[in-house]
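Student: Test case, fold it:
(2 chains)
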Amino acid sequence: MLEFLLRRLAAAIVMLLVVGTIIFSLLVIVPGDPAELLLSTGGGSATQEAIQNLRNEMGLDKPILAQYFGFLANTAQFDFGTSIVDGSSIADNIALRLPRTLEIIAVGAILALLLAIPAGTLAGLRGGGRFDVIASAVNALLTSIPGFVVGTLFIYFFAQVLGVLPAGGYVAFAADPAQHLQMLILPATTVALHLATIIFRMTRASVLEMRGHDWVRTATAKGLRRSLVVRHHILRNALGPVITVAGLQLGILLGSTVLIEFVYNWPGLSGMLVTAVEQRDYPTVRAIILTVAAIFIGINLMIDILYSLLDPRVRLQ
Amino acid sequence: MTAIPVRATRKTRLLPGFPRCMILPTLLLAALILIPFAAPLITGADPVQIAVRDRLAPPSFAHWLGQDEFGRDRLARVLYGGQVSLTVAFVATTLACIVGTLFGLIGAYFRGPFEFLTTRLSDVVLCFPPILLALLVVTLFGPGAGTLVAVLSVLYFPSFARIAFSEALRVSSLDFVEASRALGTPSHRIVLGTILPNIAGPVSVQYSLTAAAAITIESGLSFLGLGVVPPAPSWGQMIRGARQFMSQDPLGILIPCVALTLTIYAINFFCDRLRDTLDPKGALGGGKDETSVPVAAGMVPADETADVVASVRDLRLDLMRPGGPVNVIEDVSLTLRANQCTALVGESGSGKSLTSLALMGLLPGAVRQARGALRLRRKSGEMVDLGALNAKELEGLRGNDVAMIFQEPMTSLNPIHKVGAQMVEAILSHRAMSPSDARARAISLLELVGINEPARRFDGYPHEMSGGMRQRVMIAMALTCEPRLLIADEPTTALDVTIQAEIIELLQRLRTEYANGLSLLFISHNLGIVAKIADRVAVMYSGQVVEEGPAAQVLNDPHHPYTVALLESMPSSHEDLHSARGDRLRAISGTPPLLDARPSGCTFHNRCPIAVSSCADARPPLFVSADGDRQVRCFRAPEAGLEAAR
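Tutor: Prediction:
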């Protein structure tokens, strides 16, 4: 088990290094001078002085290897440099906004799991039955609606038509807990809905598959109660693939939350990211993406460990 | 041999070979893709023509869907916006598909560093949430349709590479690829001519998945204002624009939302159906936890003496198919007595396993008991009709009064639970016992079935054991509650010959030493093993018991031509059995009939060497020997001195 953990940890660190290298080299392989590229807006080009300043600021004048190792060393210490637009510390900004993004994702993920795993199990156990047919059809439709569309429609319906929930915005929990939770409902539900469709589908398929295995028949032949057969010999086995997919989706969610935060004006990472992209603040964009990729790799590491606890065979591979 | 009737009810199709369930999704998808490109035919309006006076105008004759916040014709914008979204998505997906598939094929065919590159590449790209990677690139190159196509195709080609790689690996190990390689066909011709067509299915599923994802990302970026550059229309942008005015003009957000959702839905729908068509296994389902309910018969057979442990009377089972029920078991009767081993013998598909599953109340959901009685003696001595029990009572019976060992020890144990836990759970579901007592009992049983270091194995997982050991565990598990009847369904078929002998020996030993009075129903197609272990033999053919009697008599002096043929087809290592045969191995001519195409009359007559013409007319009844101990279902049995029953 220890060996398995160390191996996975080493793989995660290598992956982080590769990701960092790719993000770094993106600037190197860009044709032309990155500073010039970043400062050009539309057709107009920036002054030579501004370009030179930016080159100094981003360290583009140093040799590439020095740039590379400097970048890695700084990143390892969470020093992402300063924004080229307003000179503020990128790390501080991320530290302020990241928890807000993680809050939506965490609440959304919990809602999704609570909704989709029971529903998916039920549909899988009654494969082809009425509940399964209806739930799968609804699920197929919901899967097809992008998150920002759901968000927009939610705002129209709950804020404009019914007027029961705020259309968006953010208040710190410490300042006004009730208001904070009220504002959290729509964004978290939007995140949850999207995630739930994927988890439902996966749970259903996994339960259907596990039901076909011989050990389920063995369990029934032993005279176990039906509920025990379902819990121990179908659901426990089915959860492995489900959490793997859920983990992968959680990572993708870190990205699509950008859109959902934008829809609801939730000041998480996304606002910062979208502004940075609009202003072509490359160091900020790069830092945010590195952070997200690191979180993603972390989630996958946790999923791997969780999976190995669920299924001992994984530890052998 | 009679010809097998072919179902001629299939409807003639418009497109031969085109699966019917694909027609609707294909039409829907084609419509949604083609309509935007038919925009000039549908409306003459210009999607970028601004008319400030008509801002947010409701639908009118000139503008069917109204006008947007700049007074532009909304119908034209939805249609032309669809063109942009679809073009970006499909161009990017196609590029990703071509590059990715080539990568995967090269990786799979040449292996080595190509393989490493192909498999690792997708791991790395998977670390970036796609929309963020797209944003990173947009920062560098600025927004625009060209940037989107480039970034989406880079984003998605690794997933194609991965799928093409794993599928190509699977295909290239198939016989016909090996064969053409051996024939010296050049590499590029094997890859393009042989492997590529065979991986087209999974790749096309990935294609539609990717296209749907690409449309989502394109519209999302446009919604952020970082995708398609205005004033060119796109669905994401239309939603962005209409957002501020949603209270005055809800149509503005609804129309592009519906267009976007419908398009993605059509692609997903197509993709789901395509997947089901390519891999029907996934769509079928059908779990092994599904059991059909036994039917109460209400009759008590006259010959039910105290030593009868289980009896099957006139059992008839039907398989429920869409086209109507198909009979699989016909008039099967068996009496299982204490201290006796009854062997159920026959080719695969003859109904041996179904008969035994019926005794456990474990018939698959698709099989219905049409007639007959299934009776078991409980430990209390009372004889119960399985059909009269409810689900809870059946659970109390299984594993307790009757237990079963299955054919496949490798898959019959749950891989994620410890061996001991699986035994303890069986004990605890029938016995009020403390967990530590149950543990001690399980360990002593493991020891009994000959497992070394039982305490260590108790805490081990099934994958740490060999097939023979797992089968021992299965036997120990079946014995946990000291059942009166043990059903062993081909318990040695999946094992090595030496292990087979050990397991048989173990079963023999347990019968005499451990579970005194145990009745064993042993299912096998191996007559050599049957000769060693069985007291009585019942031979099944095509859902019927064709011969039944004491093992020594049936095996040495078979009356039914099918039993004779079975014995003659056995290898000669069992000399004691073929004193009469010389030394020739004979195959049974013909094949067992399909379930839905059983011949009329005697089901064996078309393979029978001694059949007479009247054999095809009616099902033969059971003929019984003078002492009542042997039964044969053959019209020619009277020649051996048997008489028709009743």
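Student: Against B:Ala39, how distant is the residue lying closest to B:Met433 once chain neighbours are set aside?
Tutor: Distance criterion CB to CB, 6 or more residues apart in numbering or on different chains; nearest residue to B:Met433, sequence neighbours excluded, is B:Ile427 at 6.3 Å. Every residue, glycine included, has its C-beta placed from N, CA and C. Distance of B:Ile427 to B:Ala39, given as CB to CB, to the nearest Å: 72 Å.
Student: for the chain, what helix or strand is lowest in average pLDDT?
Tutor: In the absence of a named chain, chain A is used. Ranking every helix and strand in chain A by mean pLDDT, DSSP states H and E puts helix A:34-39 at the bottom, with a mean of 72.
Student: looking at chain B here, not the other one
Tutor: Of chain B's SSEs (mean pLDDT, DSSP H and E), minimum confidence goes to helix B:280-284, a mean of 49.
Student: if we can go back for a sec, the residue nearest to B:Met433 - that's part of a helix, no?
Tutor: Yes - B:Ile427 forms part of a helix when assessed by DSSP: H, G, I helix; E, B strand; the rest coil.
Student: my guess is it contacts B:Glu482, does it?
Tutor: No - contact criterion CB atoms under 8 Å: B:Ile427 and B:Glu482 do not qualify, at 10.8 Å.
Student: Look at these two and report which has more neighbours.
Tutor: Taking neighbours as other CB atoms under 10 Å in any protein chain shown, B:Ile427 and B:Glu482 compare with B:Ile427 leading, 21 against 16.
Student: what about the residue of the stretch 101-250 of chain A found nearest chain B, neighbour count?
Tutor: Residue nearest to chain B within the stretch 101-250 of chain A (CB to the nearest CB): A:Arg211, separated by 2.7 Å. Counted by other CB under 10 Å, the residues lying close to A:Arg211 total 24.
Student: Quick check on it: phi, psi?
Tutor: Dihedral pair for A:Arg211: phi -60, psi -30, per degrees, to the nearest 10.
Student: doesn't A:Leu125 make contact with it?
Tutor: Yes - with contact defined as CB under 8 Å, A:Arg211 counts as touching A:Leu125 (7.3 Å).
Student: Show me which residues of the stretch 51-200 of chain A sit near chain B.
Tutor: A:125, A:127-128, A:140-141, A:143-149, A:152-153, A:155-156, A:160 (CB under 8 Å from any CB of the partner chain).
Student: Filter those residues down to the buried ones.
Tutor: Among these, those scoring as buried are A:125, A:127, A:141, A:143-149, A:152-153, A:155-156 (criterion: 16 or more other CB atoms under 10 Å in any protein chain shown).
Student: how close does B:His525 get to chain A?
Tutor: Distance of B:His525 to chain A, computed by CB to the nearest CB, to the nearest Å: 19 Å.
Student: For B:Pro561, see how far away that residue is.
Tutor: 18 Å.
Student: Looking at those two, which one has more neighbours?
Tutor: B:Pro561 (22 against 16).
Student: I'd like the distance between the more buried one and A:Val274.
Tutor: Taking CB to CB, one finds B:Pro561 at 83 Å from A:Val274.
Student: Can you check which helix is longest in chain B?
Tutor: Assignment by DSSP state H gives helix B:74-110 as the longest helix of chain B.
Student: Which of the residues in the next helix or strand after that one are classified as buried?
Tutor: Downstream of helix B:74-110, the first helix or strand assigned by DSSP states H and E is helix B:112-126. Neighbour-count burial for helix B:112-126 flags B:Phe114, B:Glu115, B:Thr118, B:Thr119, B:Leu121, B:Ser122, B:Val125, B:Leu126 (criterion: 16+ other CB under 10 Å).
Student: helix or strand right after helix B:112-126?
Tutor: helix B:130-141.
Student: what about the stretch 201-317 of chain A, any weak spots by pLDDT?
Tutor: A:315-317 (pLDDT under 70).
Student: Apply 80 and report the result again.
Tutor: Within the stretch 201-317 of chain A, the stretches falling below the threshold (pLDDT under 80) are A:248, A:251-252, A:254-256, A:280, A:311-317.
Student: measure the closest residue to B:Gly387 other than its chain neighbours to B:Leu374 for me?
Tutor: Leaving aside its chain neighbours, B:Gly387 sits nearest to B:Ala296 (3.4 Å; criterion: CB to CB, 6+ apart). Separation of B:Ala296 from B:Leu374 (CB to CB) stands at 10 Å.
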